[in-house]
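Novice: pasted the sequence and its predicted model underneath.
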Amino acid sequence: MNLGSESETVEFKKSTGEHKEALQAVSGMLNKHGHGTLYFGVRDDGTVVGQDVSDATLRQVASWVSDKVEPAVFPTVERLDADGGLGYIRVAFSGADAPYSADGRYFTRVGTSNKTLSASELSAMVIKRERARSPWDSLPSGRPVSDADEQAVRDFVARGGRAGRVGGGFAGVEDTLARLDLVAPDGSLRNAAVELFCEGSDTYPRMKLGLLGGNTKAKILDLRRECGTMLKLLDFAEYFVTSNIRREFVIGETGMYRKEIPEIPAEAIREAVANALCHRDYTTGTAVEVNVFMDTVQIVSPGLFPEGDSPQEHLDGTASEFGLRNPAIARTLFRAGVIEQYGTGIPRIKEACEAAGVRFSFEQTVNSTVVIFERPGSQVNDRTGSTASGAVGAVADSAVLENLDETERIAVRIARDTGRVTKKGLMEQASVGRTKATKTLKQLAEKGVLAWVGKGTNDPYQYYRLNESAHDSQLTAK
């Protein structure tokens with residue numbers, strides 16, 4: 001009988017007489033992979049040769065592992081029988097408390113060999129263990145509970161109540177945060193509470209949002225630096241992206257309003273931003289980035305996937321909570337109904353994108369993780385499935401542009417290419433003053449070419465976009 005080949009998580013020993021070398025393999029596998037399997041009574045080539053296996057032998061093997069490996073590991077030790085009645089021993093073990101030593105020495109697994117850990121490797125492993133035991137987001141921030149924004153806490157309770165995950169209503173900031181375990185033993189807010197419920201600093205924004213005039217950062221049309229509470233950041237990021245990408249206008253029955261459908265599903269954008277805010281590495285001090293390029297939307301999260309975790313595992317549905325970086329933030333966002341259980345965010349993005357025919361991918365740079373959505377474009381659909389030219393296509397018609405002056409043409413082109421045009425953007429690209437830019441945009445709105453979007457005349461985020469209600473015949477007649 002042959003068990004196959006040794007690997008980084010499988011070790012064969014001919015007999016229990018080789019238990020010292022076997023323990024080194026246990027240390028190496030635990031430190032490298034967090035689990036492994038050891039066999040006694042099996043040659044290096046996988047052939048089962050067997051050995052005497054009594055209850056005392058099994059107890060002895062279990063004692064070797066539990067007594068000689070530190071921190072303590074409690075393996076599963078069992079006798080197996082091969083062809084011909086040969087007995088051999090299988091030892092299965094796991095642990096998430098690395099580094100592990102064997103007889104006071106530390107090892108790592110390299111192929112089928114055991115290599116002694118260097119001082120720097122051992123130090124890095126100790127730091128990683130301490131961070132796992134006390135994640136950054138659970139540490140005291142030193143900031144008083146009074147720093148938490150009451151409205152942000154109220155909004156959280158309201159969302160959590162709608163999601164059925166927070167009961168009892170709002171009973172005060174301190175009480176709510178204490179119930180969420182977001183107040184540290186010293187009475188200060190935990191770091192998670194600061195990120196979730198405290199306003200940040202203008203000097204160090206929590207999120208940067210950019211509208212780019214191409215597929216690089218060379219031409220910036222709009223740049224926002226936001227430092228609000230987490231739920232505000234999430235809402236604004238979704239608004240920023242959906243306002244700056246093309247939309248499909250689905251025409252309903254006569255007299256019904258057209259339904260706007262973003263070219264990238266809003267739920268996919270929201271999920272990606274939520275994942276970035278939840279699972280980012282907060283120790284880097286850098287901001288989450290949301291960039292709208294000509295052909296893509298990219299969401300950049302500081303930090304890589306934790307070791308042992310990967311985007312593919314999430315896409316496959318095999319991710320576990322072993323690599324959870326910010327458990328306190330994740331728990332709180334779950335209770336607010338923002339995220340579901342760990343490991344489901346990326347599959348949800350995939351499901352939404354597949355339903356909409358949108359391609360997306362992941363990239364990991366030196367120090368960040370990037371979600372990339374491809375922008376497929378837009379068209380107008382009626383309920384029978386036929387298509388008609390929409391406003392984006394209409395304003396590209398040369399007959400339209402011929403009836404506009406140069407500044408108006410520039411404004412239309414900006415709106416066509418980026419999905420929106422602001423006074424500032426028109427001033428920069430057309431080299432005109434504020435008065436001229438303001439007048440031009442108002443005139444285009446009066447002609448029905450552009451539509452104004454905003455909450456009021458003083459809204460700092462107001463802008464103009466192509467008027468989706470316009471048809472080719474209407475525009476070319478202007």
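Specialist: Good, I have the coordinates. Residues are numbered from 1 along each chain as shown.
Novice: when you work out contacts or count neighbours from here on, use the C-alpha atoms and nothing else.
Specialist: OK.
Novice: is the residue nearest the centre of the chain in a helix, a strand, or coil?
Specialist: By C-alpha atoms, centre = their mean, the chain has its centre lying nearest to residue 275, at 3.0 Å. Look at residue 275: counting by DSSP: H, G, I helix; E, B strand; the rest coil, its state is helix.
Novice: pull the contacting residues for it.
Specialist: Residue 275 is in contact with 339, 345, counting by C-alpha atoms under 8 Å, 6 or more residues apart in numbering.
Novice: could you do the one 3 residues further on as well?
Specialist: Listed by C-alpha under 8 Å, 6+ apart, the contact partners of residue 278 are 326, 329-330, 333.
Novice: how near is the residue nearest to the centre of the chain to residue 207?
Specialist: 13 Å (C-alpha to C-alpha, to the nearest Å).
Novice: any idea how far stretch 118-137 is from the chain center?
Specialist: 23 Å (C-alpha atoms, centre = their mean, to the nearest Å).
Novice: touching that stretch from outside, list them.
Specialist: Contacts of stretch 118-137 (C-alpha under 8 Å, 6+ apart): 97-99, 106, 190-192, 282-283, 325-329.
Novice: what sits up against stretch 93-105?
Specialist: For stretch 93-105, using C-alpha under 8 Å, 6+ apart, the contacting residues are 23-24, 26-28, 30-31, 34-37, 68-71, 73-76, 106-107, 116, 122, 125-126, 129.
Novice: so how far is it off the chain centroid?
Specialist: For stretch 93-105 - counting by C-alpha atoms, centre = their mean - the centre lies 31 Å from the chain centre.
Novice: what's the first-to-last distance across that stretch?
Specialist: Stretch 93-105: ends 18 Å apart by C-alpha to C-alpha.
Novice: please identify the buried residues of it?
Specialist: 93-102 (16 or more other C-alpha atoms under 10 Å).
Novice: cool, stretch 281-301 as well?
Specialist: Those buried within stretch 281-301 under the rule 16+ other C-alpha under 10 Å are 281-282, 286-294, 296-301.
Novice: what about these, which are in strands?
Specialist: Taking DSSP state E, the ones among the buried residues of stretch 281-301 that sit in strands are 288-292, 296-301.
Novice: now those as TSV including pLDDT and distance to residue 58?
Specialist: Formatted as TSV, those follow (pLDDT from 0 to 100; distance: C-alpha to C-alpha, whole Å):
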residue	pLDDT	distance to residue 58
288	97	53
289	97	56
290	97	57
291	96	59
292	95	62
296	95	59
297	96	58
298	97	55
299	96	53
300	96	52
301	94	49
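Novice: list just the nearest of those to residue 142.
Specialist: residue 288 (23.7 Å; C-alpha to C-alpha).
Novice: how about the contacts made by the residue lying closest to the closest one once chain neighbours are set aside?
Specialist: Once flanking residues are discounted, residue 288 sits nearest to residue 207: 4.7 Å by C-alpha to C-alpha, 6 or more residues apart in numbering. Contact analysis of residue 207 by C-alpha under 8 Å, 6+ apart lists 225-227, 233, 287-290.
Novice: one more pass at 10 Å, please.
Specialist: 224-228, 230, 233-234, 237, 277, 286-290, 300-301 (C-alpha atoms under 10 Å, 6 or more residues apart in numbering).
Novice: circling back to that earlier point, save the contacts of residue 278 as a markdown table, and put in distance to residue 12, neighbour count and pLDDT too.
Specialist: Below are the contacts of residue 278 laid out as a markdown table (distance: C-alpha to C-alpha, whole Å; neighbours: other C-alpha atoms under 10 Å; pLDDT from 0 to 100):
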| residue | distance to residue 12 | neighbour count | pLDDT |
| --- | --- | --- | --- |
| 326 | 38 | 21 | 90 |
| 329 | 43 | 22 | 94 |
| 330 | 41 | 24 | 91 |
| 333 | 46 | 22 | 93 |
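Novice: wait, residue 21 touches residue 115, no?
Specialist: No. In this structure residue 21 lies outside contact range of residue 115 using C-alpha atoms under 10 Å: 11.6 Å.
Novice: low-scoring stretches of the stretch 301-450 of the chain, by residue?
Specialist: Residue ranges of the stretch 301-450 of the chain with pLDDT under 70: 306-323, 341-343, 377-403.
Novice: got the domain ranges for this structure?
Specialist: As assigned by automatic domain parsing, the chain contains the domains 10-133, 138-197, 207-374, 389-476.
Novice: next one: residue 180 from residue 436, what distance?
Specialist: From residue 180 to residue 436 the distance is 53 Å (C-alpha to C-alpha).
Novice: again, but for residue 12
Specialist: From residue 12 to residue 436 the distance is 81 Å (C-alpha to C-alpha).
Novice: relative to residue 3, which of the domains of the chain is closest?
Specialist: domain 10-133 (4.8 Å).
Novice: ends of that closest one, what's the gap?
Specialist: End-to-end distance (C-alpha to C-alpha), domain 10-133: 28 Å.
Novice: also stretch 172-191?
Specialist: 19 Å.
Novice: quick check: buried residues in that stretch?
Specialist: 173-174, 176-177, 181-184, 188-191.
Novice: can you list the buried residues in stretch 138-146?
Specialist: 138-141, 143, 145.
Novice: out of those residues, the closest to residue 242 would be?
Specialist: residue 138 (33.4 Å).
Novice: thought residue 89 was touching residue 15?
Specialist: Yes. Contact criterion C-alpha under 10 Å: residue 89 and residue 15 qualify, at 9.2 Å.
Novice: look at those two and report which has more neighbours.
Specialist: The residue with more neighbours, out of residue 89 and residue 15, is residue 89; 25 against 19, by other C-alpha atoms under 10 Å.
Novice: tell me if the more buried one really is in a strand.
Specialist: Yes. Residue 89: assigned to a strand according to three-state DSSP.
Novice: for it, list the residues it contacts.
Specialist: With C-alpha under 10 Å, 6+ apart, residue 89 has these contacts: 13, 15-16, 38-42, 50-53, 57-58, 61, 77-81.
Novice: can you select the buried ones from those residues in ChimeraX?
Specialist: The following ChimeraX line selects those of the contacts of residue 89 that are buried, judged by 16+ other C-alpha under 10 Å:
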select :13,15,16,38,39,40,41,42,50,51,53,58,61,77,78,79
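Novice: so which of the contacts of residue 89 are in strands?
Specialist: 13, 38-40, 77-81.
Novice: number of nearby residues for residue 18?
Specialist: Neighbours around residue 18, by other C-alpha under 10 Å: 12.
Novice: same question but for residue 448, I mixed them up
Specialist: 18.
Novice: quick one: secondary structure of it?
Specialist: coil.
Novice: from the centre of this structure, give me the residue that's furthest out.
Specialist: Distance to centre of the chain, C-alpha atoms, centre = their mean, peaks at residue 84 (53.7 Å).
Novice: how close does that one sit to residue 43?
Specialist: 17 Å.
Novice: now residue 295: how far from residue 405?
Specialist: Relative to residue 405, and taking C-alpha to C-alpha, residue 295 is found at 28 Å.
Novice: residue 71 now?
Specialist: Taken as C-alpha to C-alpha, the span from residue 71 to residue 405 is 76 Å.
Novice: more neighbours, those two?
Specialist: The neighbour comparison of residue 71 against residue 405 (other C-alpha under 10 Å) goes to residue 71, with 15 against 10.
Novice: quick one: contacts for that one?
Specialist: So, once contact is read as C-alpha under 10 Å, 6+ apart, residue 71 ends up touching 95-102.
Novice: now the strands for the stretch 1-150 of the chain?
Specialist: Along the stretch 1-150 of the chain, counting by DSSP state E, counting those that start in this stretch, strands occupy 10-13, 35-40, 69-70, 76-81, 87-94, 101-102, 105-110, 113-116.
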